[in-house]
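Student: predicted model and sequence below, questions to follow.
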Amino acid sequence: MSELTFPEDVLYHAEHTWVRIADDNTAVVGISDFAQEQLGEVAFVDLPAVGAAFAAGDEFGTVESIKAVSSLYMPISGTVTAINSGLEDDPSQVNTSPYGDGWMLKITVDADAEKSQLLSAADYEAQL
């Protein structure tokens, strides 16, 4: 088993998604290294349409692997501004680069978004 990584520059949701929030209230969302390892080889990612709005904790899509189909949960409330279309052709990027090329969504974070439910890297790792 390879060493799992938990970058400090992202916040984690208890359901194994992460969010990297920029100063301008845009953010990138993906799944954690732990989640991709539990899934095994990712074969397909089903993502929402641009413009879809989600509350924190809402299911925003699914990820399918050889082992299972798992729901994806929004770590913070916001509206989808882009999806990673590269995952259609190469969903394995979720496995090889979960915090980089394997990102899933770009969102505009709601102005009143609650961040208190999000975990630091250390807290997320401790929860595992």
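Tutor: That came through fine.
Student: and the helices in the protein?
Tutor: Residue ranges of the helices in the chain, as given by DSSP state H, are 33-39, 86-89, 93-96, 121-127.
Student: name the helices or strands packed onto the first one?
Tutor: Other helices and strands packing on helix 33-39, by 3 or more CB pairs under 8 Å, 6 or more residues apart in numbering; DSSP states H and E, are helix 93-96. Heads up, the C-betas are built off the backbone N, CA and C, glycines and all.
Student: for the helix it packs on, which outside residues touch it?
Tutor: Contacts made with helix 93-96 from outside it, assessed by CB atoms under 8 Å, 6 or more residues apart in numbering, are listed as 30-31, 36, 39, 41-42, 45, 63, 84, 86-87, 101-102, 104.
Student: specify which member of those residues is nearest to Ala53.
Tutor: Distances from these to Ala53 were compared by CB to CB; the smallest belongs to Met104, at 15.9 Å.
Student: burial of the closest residue in space to the closest one that isn't next to it in sequence, as a residue count?
Tutor: Distances taken as CB to CB, 6 or more residues apart in numbering place Gly30 nearest to Met104, at 5.0 Å, with adjacent residues excluded. Applying other CB atoms under 10 Å, we find 27 other residues in the vicinity of Gly30.
Student: for this structure, which residue occupies the most central location?
Tutor: Among the residues of the chain, Gly30 comes closest to the average C-alpha position under CA atoms, centre = their mean, at 2.1 Å.
Student: please verify my assumption that that one contacts Gly102.
Tutor: Yes - taking contact to mean CB atoms under 8 Å, the distance of 6.0 Å between Gly30 and Gly102 places them in contact.
Student: rewinding a little: with distance to Gly78 and pLDDT as extra columns, can I get the contacts of helix 93-96 in CSV?
Tutor: Compiled in CSV, these are given as follows (distance: CB to CB, whole Å; pLDDT from 0 to 100):
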residue, distance to Gly78, pLDDT
Gly30, 14, 98
Ile31, 17, 98
Gln36, 22, 96
Leu39, 24, 95
Glu41, 29, 96
Val42, 23, 97
Val45, 18, 98
Val63, 19, 97
Asn84, 16, 98
Gly86, 21, 97
Leu87, 19, 98
Asp101, 21, 98
Gly102, 19, 98
Met104, 13, 98
